[in-house]
Structures are given as structure tokens and as C-alpha cells.
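Colleague: My questions are about this predicted structure, shown below with the sequence.
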Amino acid sequence: MEQVQELESAILQRANRLAVEYRERAERSRDNILQEAHKRLHLREEREVLLAKSKAERTFRRQVQANELKLQKEMDHLRWNLVTTVRNQLGDRLRQLADDEARYLPLLKSLLISAAGQFTETRLLASVNARDLGRLQPGWPEFAAAVENREVILSNTPIETAGGIVVSNEAGDIRINNSFEGREERLVERINQIILERLFPATSLQNNLGGMR
């Protein structure tokens, strides 16, 4: 369980580091967008001054509002692209972890123990990807012995996953997905929150828009 918790902590820490790495790039892109918006607003203001004051004021306000919405859309698009990039990088880091047998196999055993402990059945089926199947088959009885009071059979059919393990009962109607993807999916809200907090502080966009008025 401790190694499972360490995996979840590592996933969050990697997301945090990647978000910080991309923060500087995001800020440069944001500055370019804001500079462009300032220029457009300035040109529009000069043209509106030539019109009647009351009409110019109403028109200008509508244009500022429209520009703020457009800027918000551009910032949202930039934010989404950066979050996606960081999430992809996180996946790459997890795949690198799976390449390191010295760190990965003890973690895989912890994931097996964690999943098996959630069943009441004593006979279970474990599924891994093709690479891990080749790693585990020769010494599976010893590997599976870490699960107390249960018999865990290793499936000969590999699954599509970057790493981790899926455990099910014999009937196959109950399964615990302890693959990397399964655990990341359960942490997705927290991961996204960390990334967004590092890339876009909560008040930054509001302050920028307020300074344009």
C-alpha cells in the first residue's frame, strides 16, 4: 500500500513539475495575446473618438466586451493545449518508470496486493501488458505469493496498458483497474487542478483584463 501511495504521490509530483516547466512558456504566449489586444483596442478607440461622444462611448464599450470574450476564448484555448501537453509528458514519464525494472517490479507487486485485497474471492485473475507478461511468467508463483490467502492466476492474454495490473474475479464481472491509466483516471481531477494552478494562477486573467479597461 505504501508503494501504491508513493505512485499516486509521484504522479502528482510529476504533474506539478511539468506544469512549472510550461508556465514560463504560457506566460510568454499570454503576453503576446495581451499586447495584440491592447493594440486593437487602441486603434478602435482612436477611430471612435471621431464619432459623436455618446455613440462612440456605447460602441466602444461593446467592442471592449467583445474583445474580452475573444481574449478569454484565446486564453482558454492556450490553457487547454498546455494542459494536454503536460498530461502527455506525464504519460511519457510513467512509461519511463515501467522501463526501470528495479523500481517498477516492486511497484507492480504493490499494485497487485492492493487490488487483490479488495476482493472477497480467494481465486483471482491478473492481467498485464505483453512486456510485463514476459517479465512475470517465469517467476509468477513467487511473485504472486506476496498476496496472502488468495490464489492469483496470471492471464496469458495481454492487455493494452503502459503499465500496472488489472485484477478480476474468475467470473470476470468484478475488476480492479490498477493500471497506470486506471489510477491516473481516478486522479485526473487533482492532476488537472495542479496543472492549472501552476500554469494559470486564479487571479491572473482577471487582473490582465482589468488592466485593459
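Modeller: Right, received. Where do you want to start? Numbers count the residues shown, from 1 in each chain.
Colleague: so who does the residue most central in space within the chain touch?
Modeller: Nearest residue to the geometric centre of the chain (C-alpha atoms, centre = their mean): Arg87, 4.1 Å. Contact criterion C-beta atoms under 8 Å, 6 or more residues apart in numbering gives 15, 191, 195 as the residues in contact with Arg87. Quick note: C-beta positions are derived from backbone N, CA and C, even for glycine.
Colleague: and if you look at Pro106?
Modeller: Gln3 are the contacts of Pro106 under C-beta under 8 Å, 6+ apart.
Colleague: Quickly find the element holding it.
Modeller: Using DSSP states H and E, Pro106 sits within helix 101-116.
Colleague: and this protein, what are its domains?
Modeller: 2-99+188-212, 101-185 (automatic domain parsing).
Colleague: of the contacts of Arg87, closest to Arg150?
Modeller: Ile191 (31.4 Å; C-beta to C-beta).
Colleague: for Gln118, helix, strand, or coil?
Modeller: Classification of Gln118 using DSSP: H, G, I helix; E, B strand; the rest coil returns coil.
Colleague: I figured it hits Ile176, correct?
Modeller: Yes - here Gln118 reaches Ile176: they are 5.4 Å apart, a contact under C-beta atoms under 8 Å.
Colleague: neighbour-wise, which of these two wins?
Modeller: Between Gln118 and Ile176, Ile176 has the larger neighbour count (other C-beta atoms under 10 Å), namely 20 against 10.
Colleague: who touches the more buried one in this structure?
Modeller: Taking C-beta under 8 Å, 6+ apart, one finds 114-116, 118-119, 166-168 in contact with Ile176.
Colleague: Which residue is the nearest non-sequential neighbour of it?
Modeller: Closest residue to Ile176 apart from its sequence neighbours, by C-beta to C-beta, 6 or more residues apart in numbering: Ala115 at 3.9 Å.
Colleague: can you give me the helices in the chain?
Modeller: 2-49, 53-99, 101-116, 130-136, 140-144, 180-186, 188-199, 204-212 (DSSP state H).
Colleague: could you dump these to TSV with distance to Glu160 and mean pLDDT?
Modeller: Shown next, in TSV, are these (distance: least, C-beta to C-beta, whole Å; pLDDT from 0 to 100):
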stretch	distance to Glu160	mean pLDDT
helix 2-49	20	76
helix 53-99	13	76
helix 101-116	16	94
helix 130-136	9	95
helix 140-144	20	95
helix 180-186	9	88
helix 188-199	19	82
helix 204-212	38	45
